[in-house]
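Novice: what follows is a predicted structure for the sequence shown.
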Amino acid sequence: MTNTTNSIAPNFIKTIVEEDLRAGKNNGRVTTRFPPEPNGYLHIGHAKSICLNFGLAREFSGACHLRFDDTNPIKEDVEYVESIKRDVRWLGFDWGDNLFYASDYFERLHDYAQELIRRDKAYVCSLSAEDIRAYRGTLTEPGRNSPYRDRTVEENLDLFARMRAGEFKDGEHVLRAKIDMASPNVSLRDPVIYRIKKAAHHRTGDAWCIYPMYDFAHCLSDSIEGITHSICTLEFENNRPLYHWFLDALETPCHPEQIEFARLNLSYTVLSKRKLIQLVQDKAVSGWDDPRMPTITGLRRRGVPPEALRTFCDRIGVARADSLVDISMLEHCVREVLNARAPRVMAVLRPLKVIISNYPEDQIDELEAPLHPESPEMGTRVLPFGRELYIERDDFMEEPPKKFYRLAPGREVRLRYGYYITCREVIKNSLGEVVELHCTYDPASRGGGTPDGRKVKATLHWVCAKTAKRATVRIYDHLFTTPNPNEAPEGKDFRHNLNPNSLEILESCLVEPHLAAAETGSRWQFERLGYFSVDPVDSTPEELIFNRIISLRDSWAKVQAAEGKKV
RNA sequence: UGGGGUGUCGCCAAGCGGUAAGGCACGGGUCUUUGGAAUCCGCACUCGGAGGUUCGAAUCCUCCCACCCCAGCCA
């Protein structure tokens, strides 16, 4: 079940940490960091990294820093830093006092850059962006040295100072590390480490007009913070030699180890900030917190409990092979925690009126029903029963196929925690549509049992017409129709695979009165249907709006699908 | 076609020379006042392929194949 041992599942990174500890490395200290760039909202792929980094720190009594990698002011914004902090906290992790920003190190980073110049390991290059690209060579051909590569230390120092002073326009000069233009690893071909960007930074304002690049800032920030294990995703593997090059070229507080793992891919969705931001901008979704989004904020609004995300991250493991995790794995984790915790109530999404013809006109029977049959300590609620009820349209069929064992003409079923009813008459409108059922009930079956012990095949959920409350229910489906949305036909992109039916809004739902007091964000199981939560943004006590978090497993749907296939 | 990686069940993933864990999915049984839950059973003679080393190989060696990453003044 749930991982209560406070330890993360074994994986190769944990093994490395354990070996380092055994070898006495870093004086037995473990310090990790989660280093997001504040240029978008966090998604479930980040949750994997958060659980790994914070989980490691927790397990080995170390620390995990939250550090914003804010070296590109053009893309970044405080809105994102606030959302990231909120999401990490919501996931259940605490960075304590260890909240940092790469921008806090700008002065020190600048000093390191000057030192690199003094050691003749960096130079100011005045090639245009296009020329730098041309000089870099290709994957199969080496690059050529920049004509500015041999500037003197003094000249470089002077030029770099003037870059900082704002004497040049964007792109006029850059500072480059002097490494090897012939390296088969392209990232070592004199990478740019500082560029001029006359842009206001969300934290440093206009104090700077030169900003460090990732490769330079990241390893040094790690070192400044005393990080022991710098965990990142596989696409940074080519940058690892560079990570070490800077730390070896300078005198730094410590030399962390960079370890890469495979990023998460989830079926039927996309996990890339670029693509997610596109969905938001295109208005394909209502925003970053649209309950269909794989963002942390979207999942939270949907009603997914943070614990489900944690167990999910634990179960998918951490490895180096590219993979596409089946979304059913996530769905299983969500159902697992909700099954244990969500109180049970009844709601009818597509109502069909039922008249109990032998039930007294104005009588309301107040039944008592458990909020969770397997956890009696969760208490009970009062369930009113009257002459006029509503059941789910799908629970009645005039001409039932063999495997359908719900209500049908002449058939007897149980109303959950209510009575046994038998369908006597089907009322239709002029179009031939079923609009009402006349049934009779067995007064001896109150509560759902019967003295003679006779069995019924089905138990239906229902709601009492007189006391039910109207509600809107939003049914969510996968955002994309294909397991890997990135595989689109020629000339199309991932948006081609968007599911046009990912949201269905049902506005004439009826819920039992107990739900009238449902709190914002509270999660419920609507019996036989699924788990639902009160939408934190749009729901009001007068106008209840529920989000379907996830359906219940539905073996009847499987039967139908199988029958459909046979035909 | 340079360099760096990865290939174990439909999907994740353990395994690190001693004869293939676990989870999801799937199929079946039991139980059931949710066609839910719970529970039981089944589900890789085989580890990308071909050779080789060894008493013994998913694990070691050789070659081959497939896929991913890298040519931002993004991270």
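Specialist: Happy to help now that I have it. Numbering: from 1, shown residues only, chains lettered A, B, ... in the order given.
Novice: do a quick rundown of the strands in the stretch 401-550 of chain A.
Specialist: Using DSSP state E, counting those that start in this stretch, the strands assigned to the stretch 401-550 of chain A run over residues A:412-415, A:420-428, A:434-442, A:459-460, A:462-464, A:469-476, A:503-511, A:523-526, A:530-534, A:544-551.
Novice: any stretches of chain A with poor pLDDT?
Specialist: Applying pLDDT under 70 to chain A flags residues A:1-6, A:565-567.
Novice: quick one: the helices in it, in order.
Specialist: Assigned by DSSP state H, chain A shows helices spanning A:12-22, A:44-59, A:78-90, A:106-118, A:129-135, A:153-165, A:214-225, A:240-249, A:273-281, A:296-302, A:306-316, A:327-341, A:555-566.
Novice: tell me the residue of chain A that sits nearest RNA strand B?
Specialist: Residue nearest to RNA strand B within chain A (C-beta to the nearest atom of the strand): A:Gly448, separated by 2.0 Å. The C-beta positions use only the backbone N, C-alpha and C, and glycine is treated the same way.
Novice: give me phi/psi at A:Gly449?
Specialist: phi -120, psi 170 (degrees, to the nearest 10).
Novice: residues near it, how many?
Specialist: A:Gly449 has 11 neighbouring residues, counting by other C-beta atoms under 10 Å.
Novice: try the one 10 residues further on
Specialist: The local packing of A:Thr459 (other C-beta under 10 Å) involves 18 other residues.
Novice: bridged to it, which residues?
Specialist: On the basis of DSSP bridges, A:Thr459 is bridged to A:Arg414.
Novice: okay but it is in contact with A:Gly418, surely?
Specialist: No - the criterion here is C-beta atoms under 8 Å, and A:Thr459 misses it with A:Gly418 at 9.5 Å.
Novice: joint contacts of those two?
Specialist: Common neighbours of A:Thr459 and A:Gly418 (criterion: C-beta atoms under 8 Å, 6 or more residues apart in numbering): A:Gly448.
Novice: and the stretch 301-450 of chain A, which residues reach RNA strand B?
Specialist: For the stretch 301-450 of chain A, the residues in contact with RNA strand B (C-beta under 7 Å from any atom of the strand) are A:315-326, A:328-329, A:331-332, A:335-336, A:339, A:344, A:372-374, A:403-406, A:414, A:416-417, A:447-449.
Novice: PyMOL command for the buried members of the residues you listed?
Specialist: A single PyMOL command suffices to select whichever of those are buried according to 16 or more other C-beta atoms under 10 Å:
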select buried, chain A and resi 316+317+318+325+331+332+335+336+344+372+404+406+414+416+417+448
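Novice: run a quick neighbour tally on the closest residue in space to A:Val334 that isn't next to it in sequence.
Specialist: Leaving out its chain neighbours, the residue that sits closest to A:Val334 by C-beta to C-beta, 6 or more residues apart in numbering is A:Ala308, at 4.5 Å. A:Ala308 is flanked by 22 other residues according to other C-beta under 10 Å.
Novice: residues in contact with A:Ala308?
Specialist: By C-beta under 8 Å, 6+ apart, the neighbours of A:Ala308 are A:Leu330, A:Cys333, A:Val334, A:Glu336, A:Val337, A:Leu338.
Novice: what's the answer for A:Tyr101, then?
Specialist: The contact partners of A:Tyr101, by C-beta under 8 Å, 6+ apart, come to A:Arg67, A:Phe68, A:Asp70, A:Arg203.
Novice: doesn't A:Thr31 make contact with the first one?
Specialist: No - because the distance of 11.2 Å does not satisfy C-beta under 8 Å, A:Arg67 is recorded as not touching A:Thr31.
Novice: what sits in contact with each of those two?
Specialist: Common neighbours of A:Arg67 and A:Thr31 (C-beta under 8 Å, 6+ apart) are A:Glu225.
Novice: for RNA strand B, what are the nearby residues on the stretch 101-250 of chain A?
Specialist: When proximity is defined by C-beta under 7 Å from any atom of the strand, the stretch 101-250 of chain A lies next to RNA strand B at A:127-129, A:132-133, A:136-140, A:170-171, A:174, A:184-187, A:191-192, A:195-197, A:211, A:213-215, A:218, A:234-239.
Novice: any of the residues you listed buried? List them.
Specialist: A:127, A:132, A:136-137, A:174, A:187, A:191-192, A:195-197, A:211, A:213-215, A:218, A:236, A:239.
Novice: in strands, which of the residues you listed fall?
Specialist: Among these, the members falling in strands (DSSP state E) are A:Val174, A:Val192, A:Arg195, A:Ile196, A:Tyr211.
Novice: now render those residues as JSON lines, adding distance to A:Glu490.
Specialist: Shown next, in JSON lines, are these (distance: C-beta to C-beta, whole Å):
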{"residue": "A:Val174", "distance to A:Glu490": "37"}
{"residue": "A:Val192", "distance to A:Glu490": "35"}
{"residue": "A:Arg195", "distance to A:Glu490": "36"}
{"residue": "A:Ile196", "distance to A:Glu490": "40"}
{"residue": "A:Tyr211", "distance to A:Glu490": "39"}
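Novice: between those residues, which is nearest A:Asn547?
Specialist: Relative to A:Asn547, the closest of those is A:Tyr211; by C-beta to C-beta it sits at 40.6 Å.
Novice: what sits against that closest one?
Specialist: A:Thr71, A:Asn72, A:Pro73, A:Phe106, A:Tyr194, A:Arg195, A:Lys197, A:His201.
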